[in-house]
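[1] Got a predicted structure here, sequence first:
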Amino acid sequence: MKKIKYILILLSGIFAINSCDTKDLELTNPNALSPETFFKTEAQVQSAVNAAYANLQTRGLYGRHIFFALDNMSQENKGNPQLEGNKRPFLDFSFDASSDIIQFYWETCFLGISKANFVLDNEAKIKELPTSVLSDVNKNKFLGEAHFLRAYYYFLLVNRFGDLPIYTKQTIEGNARSPKADVYKLISDDFDFASKNLLAISVEQKGRATKEAALAYLGKVQLYLKKYDEALVTLNKVTGFSLETNFYNNFMDETEHGPESIFEIEYDEKIGVGDKWGSDISGTGAAEATFRGQEYGNLGWYNVYPSSNLLDEYEVGDKRFGDTFYVPGSKYNNGNSTMTAANFGSSEGNRRAGWKKYQNYYKRTDENQDSSINFKVMRYSDVLLMKAECENQRPSGVQTVAIAYIKEVRDRAGLLTVIAPTKDAVFKAIIHERKVELAGEQVRFDDIMRWGNAATEIPGSGFKVGKSELWPIPNRETSSNPNIKGNNPNW
Amino acid sequence: MIMKLKFAIIALVMICTHDVMAQSKTIQGVVTDAAGVPLPGAGVNILGSKNSASTDFDGKYFLKDVKTTDKITFSFVGTVSQTITVGNQTSINVKLVESTQSLNEVVVVAYGTQKRAKVTGAISVVGAKEIASVPIINAESALQGRAAGVTVINGAPGSSPTVSIRGLSTMGNSSPLYVIDGVLTGNLSGLSPNDIETISVLKDASTTALYGSKAFNGVIIVTTKKGKKGAGVLTFNTYLGSQSVSKRFDVMNTQQYLQYAKDLGSDLTARAATFGNTNTNWQDQIFQTGLMQDYNLSFSNGTDTSSSRYSAEYLKQEGSIINTGYERYSFRANNEQTIGKFTMGSNIGVSFNKTNPERSAGGRTLLEHAIKMAPYLPIYNADNLGGYQGPSAADGQDAENPVRVQNLGNQVINGLSIIGNIYGEFELYKGLKLRSQVSLDYYTRKDHTFVPSFRDGSAHSQGYSTTNEVNQFGQTTVFDNSLSYKTTIAEHHNIEAIGVVSKISGKGQSINASSRYYISNEIDQLRLQDANLSSNTYEENNLGYIARINYDYDEKYLVAVSGRRDASSRFGANNRWGNFYSVALGWNIAKESFMKNSIFSTLKLRASNGTTGNDRIDNYRYSASLAANYIYPIAGAAAAGVTLGDAPNPDLKWESKNDRNIGLDFGILDEKFTGAIEYFNNKSSDILFAVPLPASVGSVGGNQIVNIADVKTKGFELSLGYNDREGDFTWSATANLGTSKNEVVSLAPGITSVLAGPVPRAGLENFSRLEVGQPLFYFYGLQTNGIYKNQAEVDAVFGAGQTAIKPGDIRFVDRDNNKVINSADKTNIGNPYPDFTYGLNLTAGYKNFDFNCFITGVQGNDIFNAPLFDLQGMQRLFNASTDVIGRSIVANGVVTNPSATLPRALGANQNWASASDRYVEDGSYTRLKNITVGYTLSGNSYNKYFSKMRLYLSAQNLITLTKYSGLDPEVARADGNANSAGIDLGRYPQPKSVIFGLDVTF
């Protein structure tokens, strides 16, 4: 009996060791912060804002695919045989809803929107912080950045897809598409909020959205909506900028954030490039370089080259030609090397030039997969040309005023400005000027779409009126969101 | 030795002539196997008495005080025991025949052992003898073709094979649970096959339910060799061999490639001439003949109260791809001591391994680069930094030199694993035992990659060296306490019961670091220059309460009931605990009196029903957390970003599976002919899957883990065995056949279908789909129907005016006839699962020769051949299959070679970007997996050197019959993840190998 007692005690002791610790089953993730305790310091609020920027530099956007997709569709590019199969269809509009490039564009923009919404969903928490932790000015500025970025991503999306599901807070339920007009309303309201709450470019850190950037984009949106008077009022508020004397300063690494720069997509390989082959969409990790240099470089992968459609647009004596393109005889590598005809692939005779804008050859002999050159997505010359367009188009516009804006841009290019002061002539001059000034900067296709002149601007490209204006909603979305029915016209 | 024998014979004769006067006498003799080779350590016992002996080195035994009425039982592991009545004999020599499936064989089951005759569930057993018959690198390979319903597919050297039991019934990780001497682990990579005594494969819930939430995919229990009673035995095994991949894709040579490039718009003639029109066969450059060598030494020893076994192994395997290989040192010590009612022991294995893996670059595999490289480029160019030649802008393509990718710099993965346990067992009362066991599974893995600066052309260069370190460790401890009771009531009622409390705790950490060095290539260590750093850790805990009762009446009627209550920290408080149970019944018909004179030596019917669970999802997915790894350059510095992480699901619960199994075992003519038929019908419920969320909601992970689907899996398994002997000739054949069909029964509300699976090549789309009524992850894509030959054919489908589709493009089937080819036209284009799998194993022995031949295969599965995309896709200029020379050629809007089966080059996007039946092929194959011939030397003339030596020659994967055009139909099925079933990504193909080996017992 004694023995059994002893055994029972022993047993219960052993089994107790095993079973008492049920609290071990309740674990929290040691690698991650908890949302409940976040938004308590300025650094935390700022980090939530920072995350929303990261999607700008993914391969889905400026890291790799967007410049191909847009420069190809606008026929500024021609493709070499090595151009990858997923990028080639953008030259002749033969892509479809299975395109990974369209999918990545869609996904990365919506990820950026969701991150902006993470900040905005917590507006109450941010507002509650004592001013000793976060000043009112900065509270508003952080909210302003979130509004700016949400509008920026939606603007990229609405130009490609038209009607869109609208998300103003984070959710996992997919929404149905709202009419384009509602999307534009959200974009305008967001840029408007941003323009009233962001810091001025003179005091804000380089790389962040500013009051001026918000105004410039608000003006652009109003122009796209053909609200010319409103747009002009908005664009006139974009002040404190001037054109670079040297046009090429806009496209080098060392001269970023110059007097002409209003908003840039930032790259800096020194910060890290270890995740550049990671996700196409997430913005996770260090992917602080763009593939643009290697992809377009005529000494690099040379996937595309400037089309005759574009090259022929330049007037004789336009100084921008030599800053935008390399041709045989061009100097590169700090003036130490010279391009030869063989550098352009002489076999066909139609590769007259290679891209120079956004290339690193000015200081190097080679491109590699890492380029640190920022994309100057909003330059003051664009603002000037938009102002010219608004002035020309608005009911009480004065053509000579519009011509003066154009002249400012042309003067730098070393060109005379002789434009008849008629609405039609000025419009034609604007079409030309935007094409050569902003070549290879992913603005031309949007311009052609809003002008509706694809038939004359990109003839013979495969562009199909009534279809090619918009991309199809990608399969990735339609297969996972039951609320999206059908697709864009004729897709 | 000859003297010894003479003496023995004289003694024998003397004993024989001596009149049998005495009541008790001495018996002696030799115990050998069927081939006459002495069996050391065989048991010689007098039934119902404590009088026993075991054989010595030479298989000899000596037993005193034997009565003429005594019955002596001779037994040896893996053989059929014999019982002989002594009678007048004084010398009894016994040949023990190898057993295919002995009734008295003891089978290792969950938390214990069971006599084969009492087993009621579906278990396959592979013994040491079978494992030793064929040289294998990893322990998992021992199961290949030997256990019905089990598939094993090997990958690159050093990688763990993909093992699956009874097909697919989950959507995530489908590999089984491994248990080595009671230690739960994920694979067998640190274990030398020579150290394995038996492997039990538990296939149904009545055998696996005791492992509860971890047993979903079946359980493989490995028992390592222990010291055997008797004098010490020293064995030495070694083999040497070589392996190579002989199959190549037929790609264009320089002349063909130049013409193809010209057709595509690039005249590269002058460029090729600058390299002297070299013709490099890039595939030949990445494959090699690899040498293999293995040395294994073991010593075992045992007494009545203790046993021990020590072993050491060195294995070196060069891969069949250049600069790949695997090296392993493993050590094992198993000890057990018994003092009265107390037994204590430990089994500990330690292994060091070093792997040189296949490397990849630019998101492409080595093989993909080898296919795509321009053939006129040389491998080396001394003028280039680093010494290699790759493409430049002038070459119009950007494949990477695969030799440079694999050979420049190095990648080495060094690993250490320790797996072991210490246990104590105390008999509290007759039949009542208390057992405690502490187990540890620990590993470290250090992955070091160094690439010096290089420039092999303008397309690929690196102006600095890079160093990458990934250091990981993980540990799992298991603390089991069990109480078991075994008794027989009224002679007929046998009862066994066990209760266990098991606690499993795991944790680990991973540290990633990388940096660049611009100054030199001589330092391959981290520097604080462009450095990146991150780490990650996890912890998980499980708690289980386990019980089982086995009852039988005279081994005739069998009942087994078991249950487990389990908790996992991977689930939220709402659904943390799960209950798993099983019931099994068995009827040994052959033991019934009416069967007494039948031919059946075994006839057993058994049925089982039970549940198991699955908790294999990422940790912490039930709770919301923040994702913090975002960076954006602000003012020249990294601005860190944080946002809401993966979508949580607080309602996550166990995946559970109900297994129903019916089996019939039979043995005819004293087990000469044996077999088993099994039928299983399983239903998995609440299968966990990361369901893609709508992309537009912008959730960081893009998915949410949901208990999404119910899936049925059912099938048959048939095993047959036959063994016979005629004089010196013995032979046996075993064959097995397995079928497994799965079907999605239901999906979670609101989900009608899910498109998942990998995107096998950039630009292609994914195509593995879930849908009710279809198999898991069947292929979903467009059907093709020839090529458009002219504009009229195109316009007939799409109407006039469109330019995207032209003559020479593929005619996809417009299933909804709406003149648009889009996702609405997709349908079932392939099923990744075979109709059946099979294995045939033949062994034969004649005198000292032995022979083994083993054939395995699958029938009726489809493979998505991703390398075909590289070979025939023609989406841009790369080298490709010679088939593309015969592609559709278009002149003036008409295809000039209408018999062409391939579309035009650089054609419509859909030609290559759409998942279509263009890339789907029949994956059936039959493979001569192994053929081995051996010769054993034993007997007097060698006794002063060794007691037994076997020499053998073995060849693996010698012949493969298949219509599949990829390099290896078997590798296509190698992926632990269910949603990439049947997708051939162009990974490491299975090599052919030839091996010469030597097994010596001293």
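    Yes, it's here. Computed from a prediction, not measured in an experiment: that's the story for all the values here.

[2] quick one: low-confidence parts of the stretch 301-450 of chain A?
    Along the stretch 301-450 of chain A, segments meeting pLDDT under 70 span A:346-350.

[3] Show me what from it comes close to chain B.
    A:Trp301, A:Tyr302, A:Ala342, A:Asn343, A:Gly345, A:Ser347, A:Glu348, A:Asp366, A:Glu367, A:Asn368 (CB under 8 Å from any CB of the partner chain). Where C-beta positions appear, they are placed from N, C-alpha and C, glycine not excepted.

[4] Could you rerun that using 6 Å?
    A:Trp301, A:Tyr302, A:Ser347, A:Asp366, A:Asn368 (CB under 6 Å from any CB of the partner chain).

[5] what's the neighbour count on the second one?
    So that's A:Tyr302. The number of residues packed near A:Tyr302 is 29, by other CB atoms under 10 Å in any protein chain shown.

[6] Quick check: closest non-adjacent residue to it.
    Among residues not flanking A:Tyr302 along the chain, B:Ala393 sits closest, at 4.2 Å (CB to CB, 6 or more residues apart in numbering or on different chains).

[7] any idea how far that neighbour lies from A:Leu198?
    42 Å (CB to CB, to the nearest Å).

[8] Could you do B:Asn532 as well?
    31 Å.

[9] what do you get for A:Asp366?
    In terms of CB to CB, A:Asp366 sits 39 Å off from A:Leu198.

[10] Please say which of the two ends up with more neighbours.
    Taking neighbours as other CB under 10 Å, A:Asp366 and A:Leu198 compare with A:Leu198 leading, 26 against 21.

[11] how about the helices in the stretch 401-550 of chain B?
    B:402-407 (DSSP state H, counting those that start in this stretch).

[12] ugh, wrong one, chain B
    Remark: helices assigned in chain B by DSSP state H are B:2-17, B:128-133, B:205-208, B:254-263, B:269-274, B:282-286, B:366-372, B:402-407, B:791-798, B:866-872, B:909-913.

[13] Mind listing what's buried along the fifth one?
    Yep, that's helix B:269-274 we're talking about. B:Arg271, B:Ala272 (16 or more other CB atoms under 10 Å in any protein chain shown).

[14] any residue of that helix up close to chain A?
    No - Helix B:269-274 lies out of reach of chain A by CB under 6 Å from any CB, never closer than 8.5 Å.

[15] mean confidence for that helix?
    In this model, helix B:269-274 carries a mean pLDDT of 90.

[16] and if you look at stretch A:74-87?
    The model assigns stretch A:74-87 a mean pLDDT of 89.

[17] what sits up against it?
    The set of residues external to stretch A:74-87 that reach it, using CB atoms under 6 Å, 6 or more residues apart in numbering or on different chains, is A:68, A:71, A:88, A:91, A:100-101, A:302-305, A:307, A:309-310, A:439-440, A:444-445, A:458, A:461, B:264-266, B:396-397, B:763, B:875-877, B:912.

[18] Show me these that map onto strands.
    Taking DSSP state E, the ones among the contacts of stretch A:74-87 that sit in strands are A:Val304, A:Tyr305.

[19] List buried residues within the contacts of stretch A:74-87.
    A:68, A:71, A:88, A:91, A:100-101, A:302-305, A:307, A:309-310, A:439-440, A:444-445, A:458, A:461, B:264-266, B:396-397, B:763, B:875-877, B:912.

[20] beta partners of the residue nearest to B:Met344 when sequence neighbours are not counted?
    Nearest residue to B:Met344 in three dimensions, chain neighbours excluded: B:Gly424, at 4.6 Å (CB to CB, 6+ apart). In this entry, B:Gly424 is beta-bridged to B:Met344, B:Ser436, by DSSP bridges.

[21] how about the helix ranked longest in chain A against chain B, any contact?
    The single longest helix within chain A, with elements called by DSSP H, is helix A:136-161. No - if you take CB under 6 Å from any CB as the test, helix A:136-161 misses chain B, and the best it gets is 9.1 Å.

[22] List phi and psi for the closest residue to B:Ala640 other than its chain neighbours.
    Spatial nearest neighbour of B:Ala640, excluding adjacent residues (CB to CB, 6+ apart): A:Ser47 at 5.4 Å. With angles defined as degrees, to the nearest 10, A:Ser47 shows backbone torsions of phi -70, psi -40.

[23] The spatially closest residue to A:Glu173 that is not a sequence neighbour: neighbouring residues, count only.
    In space, A:Glu173 comes closest to B:Val697 once its chain neighbours are excluded; the distance is 7.0 Å by CB to CB, 6+ apart. If you count neighbours by other CB under 10 Å, B:Val697 ends up with 25.

[24] B:Val697 and A:Asp96, how far apart?
    23 Å.

[25] pLDDT wise, what is the nearest residue to B:Ser75 once chain neighbours are set aside at?
    For B:Ser75, ignoring the flanking residues on the chain, the nearest one in space by CB to CB, 6+ apart is B:Ser81 at 4.0 Å. Note for B:Ser81: predicted pLDDT of 74.

[26] try B:Gln23
    59.

[27] same check, this time on B:Val44
    86.

[28] give me the number of residues near it?
    23.

[29] Correct me if wrong: it contacts B:Gly59.
    No - applying CB atoms under 6 Å as the test, B:Val44 and B:Gly59 come out as separate, 10.6 Å apart.

[30] Many thanks, we can stop here.
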